[in-house]
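Student: sharing a model prediction with you, sequence too.
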Amino acid sequence: MSRYYRPIPMTDPARPAGALPLAGGWCWFDRAEVLTRAGSEGVVPAGDLPDDLLARLTAPRPALAGLTLDRPRVMAVLNVTPDSFSDGGRYLNTAAALQQAHTLRACGAEIIDIGGESTRPGAPEVPLAEEIARTAPVIEALHRADAALPLSIDTRKSAVADMALQMGAGFVNDVSGLTFDPALAPLVADRQVPVCLMHMRGTPETMAADTAYENVLLDVFDWLAARIAAAEAAGIPRARIWVDPGIGFAKTAAQNLELIRGLSLLHGLGCPILLGVSRKRFVGTIGGEARPDRRAPGTLALVLAGIAQGAQVHRVHDVAEVVQGIRLWQAVQQGVRE
C-alpha cells in the first residue's frame, strides 16, 4: 500500500532542535502524518521519512523573476474578459487594463496574471484569435511600461502563450496542467519559462459534474505528480514547475476545504505551490456573501490558512486587502515590519 507523508507545518518561534525548514520557507516541521488510501497511520518523526522525500520537502524553491520564495508572494488577477465571474467586462479596454495593473502593482502585487478566457464553471471555450486579441496588447503595453514587472499568461493554449511570451510575459499559468493543448509543453520547454500546472478535471464547461474522488487530497497529489513527470519528459525541468491544487475546479466546497487543510502534502512534489482561492463560490457560500466583489475577508482567511501551510504564491483579486493581511500575519508570527 502506497504511503504519503504530510509534513505538519509550524510557524511558532519556539523551534525545537532538529526541526527542518519546509521548502526553505517560513514554516518548519519535525513530524509528518502518514496517509494511505485506507486512512491515516498516525504521526512519525521527520527523521523517519525517506531521504529523497526529505530533500524535496526541505529544499528552497527557485526564485521567479528575481522573487525569492522564502516569504509569501502575491499574484494579482487581471481578467481581460467579458464574462469572468467577478470582474468580467471591466478591463477589456487596453487602457483600462493598464490602469488596473498599475493600481494592483501599487497595492503590492508582485506578479500580474493576465487571462483572456474565463474558466468559471460553465464557461465556453474562447476562439484562439479572440483570446490573443484580448491578451497580447495588454501584455505588450504592460511590458513596455514596466519591463521589470513579472507577467504571467493564464491560458491553456500554445498559440496564446506564444504570442504572450513574445509580448513580454515570462510565465505560463495553465489551468489544464498541460493536458489541453499538446503543443504547449514543447513551447514552454523551448522558451525556458516557468509553468504552473493546475489540477482540473474536464473543462470549465463540464467540471462541475466531475467531483467524485476516492480521496481528493491524494488524488490531486497523484495527478500533479504525473503531470510533473510528463512536463519533465517534455523537457521542462522541475525547477521551473509550480503546482496548483485547483481550488474550485471540479471540487465541492467540502473538497476545497479538505485540500486547504492538507495542503502541506504537496510540498513533497518539490515545487512551489500557487494557491488560488480568491472570491470563489464556496467563499461566498460559507461566508454568507453572494457578491463576489465583497468576498475579500473570506479570501484573506483562506490565504492565511494557505500561508500557514507554507504555500508560497497567492493569486488574488483584492490585492490591497491581502497584502495588508499578510503583513500583519508576518508581524505577529515573525516580527516582520515593512
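Tutor: Right, received. Where do you want to start? Quick caveat, the model's predicted, so the values are computed rather than measured. Residues are numbered from 1 along each chain as shown.
Student: neighbours of residue 120, just the number please.
Tutor: 18 (other C-beta atoms under 10 Å). No exception for glycine: its C-beta is placed from N, CA and C like everyone else's.
Student: what kind of secondary structure is it in?
Tutor: coil (DSSP: H, G, I helix; E, B strand; the rest coil).
Student: pretty sure it sits against residue 204.
Tutor: Yes - if you go by C-beta atoms under 8 Å, residue 120 and residue 204 touch, sitting 6.5 Å apart.
Student: now the helix or strand of the chain with the lowest mean pLDDT: buried residues?
Tutor: Least confident helix or strand, the chain: helix 94-107 with a mean of 91, by mean pLDDT, DSSP states H and E. Residues of helix 94-107 classed as buried: 94, 97-98, 100-102, 104-105, 107 (neighbour count, 16 or more other C-beta atoms under 10 Å).
Student: quick check: next helix or strand after it?
Tutor: Following helix 94-107 in sequence order, the next helix or strand is strand 111-115 (DSSP states H and E).
Student: follow-up on the earlier one: mind putting the buried residues of helix 94-107 in CSV, distance to residue 186 included?
Tutor: Formatted as CSV, the buried residues of helix 94-107 follow (distance: C-beta to C-beta, whole Å):
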residue, distance to residue 186
94, 30
97, 29
98, 31
100, 33
101, 29
102, 34
104, 31
105, 32
107, 36
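Student: domain-wise, how is the protein divided?
Tutor: The chain breaks down into these domains under automatic domain parsing: 1-60, 61-334.
Student: ranking these by burial, who's on top?
Tutor: Each of the domains of the chain was scored by mean neighbour count; the highest is domain 61-334, a mean of 20, by mean count of other C-beta atoms under 10 Å.
Student: low-scoring stretches of the stretch 51-200 of the chain, by residue?
Tutor: Per-residue confidence for the stretch 51-200 of the chain (pLDDT under 70) gives these ranges: 83-92.
Student: 50 instead?
Tutor: 84-85, 88 (pLDDT under 50).
Student: that older thread, name the surrounding residues that touch the least confident helix or strand of the chain.
Tutor: With C-beta atoms under 8 Å, 6 or more residues apart in numbering as the test, helix 94-107 has contacts from 76, 78, 80, 90-91, 112, 114, 137-138, 141-142, 145-146, 149, 319-320, 323.
Student: could you rerun that using 7 Å?
Tutor: The contact list for helix 94-107, computed with C-beta atoms under 7 Å, 6 or more residues apart in numbering, reads 76, 78, 80, 90-91, 112, 137-138, 141-142, 145, 149, 319-320, 323.
Student: now for these: which two are most distant?
Tutor: The span of the contacts of helix 94-107, defined through C-beta to C-beta, is set by 137 and 323 at 27.5 Å.
Student: inside strands: which ones of the contacts of helix 94-107?
Tutor: 76, 78, 112 (DSSP state E).
Student: where do the strands sit along the protein?
Tutor: With DSSP E as the criterion, the chain has strands spanning 4-7, 20-21, 28-29, 31-36, 39-45, 73-79, 111-115, 151-154, 171-174, 195-198, 241-244, 274-275, 313-316.
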